[in-house]
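Student: let's see this in three dimensions:
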Amino acid sequence: MNIQLRIPSRSERSIMRRMMELYLHDFSEYEESDLDEHGEFGYGDLDYFWFEPTHAAFLVTVDDKLAGFVLVDNEVVIDGNERSICEFFVMRKYRRKGVGSVMAKDVFGRFPAKWEVRVVEKNTPAQAFWRGVIAEYTQGNFQEQQFHDDDWHGPIFHFDTGALT
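Tutor: Coordinates of the predicted model:
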């Protein structure tokens with residue numbers, strides 16, 4: 001299985017928008033979100049990920065077939081952290097086959113920084129996924145804490161990939 005992450009071109013923003021709808025559909029189980037009057041979940045302004053230097057988007061392929069995406073930004077909850085996995089999507093077909101693990105580790109390796117990964121409290125499968133991937137990547141050198149304030153409710157994993165090099 002050939003797993004590749006690449007930066008999508010500006011012309012591929014429509015692909016990302018369509019894939020985002022799949023992600024939001026899956027996520028509606030945890031956030032109880034509904035479709036709008038156009039039959040879409042909608043996701044704010046994805047353009048930030050092409051035009052802001054603090055943001056990054058990656059399309060993921062498996063054997064040259066679209067399989068997911070990762071969005072990275074610098075909007076963190078814990079003071080001192082620098083990078084965050086903003087959104088992370090693996091198509092159901094490719095889940096539990098190591099694709100997500102490769103995606104996460106590739107992104108962490110591209111940005112040596114103090115990271116945080118926030119996981120929705122109800123999304124226990126994602127919590128288990130992130131706990132395992134981060135523990136493996138950092139050789140157990142990470143922290144997990146429950147965080148509850150006006151901006152976030154749920155677990156946050158944080159670690160420093162700059163210290164791993």
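
Student: CA atoms of the helix ranked longest in the chain as CSV?
Tutor: Looking across the chain with DSSP state H, the single longest helix is helix 13-31. Extracted in CSV, the C-alpha atoms of helix 13-31 (Å, rounded to 0.1, in the frame of the first residue of the first chain):
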residue,chain,number,x,y,z
ARG,A,13,-9.8,23.3,-3.2
SER,A,14,-13.1,21.9,-4.6
ILE,A,15,-11.8,18.4,-4.0
MET,A,16,-11.1,19.4,-0.4
ARG,A,17,-14.5,20.9,0.0
ARG,A,18,-16.2,17.7,-1.2
MET,A,19,-14.1,15.6,1.0
MET,A,20,-14.8,17.9,3.9
GLU,A,21,-18.5,17.1,3.5
LEU,A,22,-17.7,13.4,3.9
TYR,A,23,-15.7,14.2,7.0
LEU,A,24,-18.5,16.3,8.5
HIS,A,25,-21.0,13.6,7.7
ASP,A,26,-18.9,11.1,9.8
PHE,A,27,-18.4,13.7,12.5
SER,A,28,-22.1,14.5,12.8
GLU,A,29,-22.4,11.4,15.0
TYR,A,30,-20.4,13.2,17.7
GLU,A,31,-21.4,16.8,17.2
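
Student: show me what that helix is packed against.
Tutor: Counting contacts by 3 or more CB pairs under 8 Å, 6 or more residues apart in numbering; DSSP states H and E, helix 13-31 packs against strand 56-62, strand 65-73, strand 83-90. Where C-beta positions appear, they are placed from N, C-alpha and C, glycine not excepted.

Student: any chance of these in a markdown table, plus mean pLDDT, distance to Leu164 and mean neighbour count?
Tutor: A markdown table is the format used below for the helices and strands packed on helix 13-31 (pLDDT from 0 to 100; distance: least, CB to CB, whole Å; neighbours: other CB atoms under 10 Å):
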| stretch | mean pLDDT | distance to Leu164 | mean neighbour count |
| --- | --- | --- | --- |
| strand 56-62 | 97 | 19 | 20 |
| strand 65-73 | 97 | 17 | 20 |
| strand 83-90 | 96 | 14 | 21 |
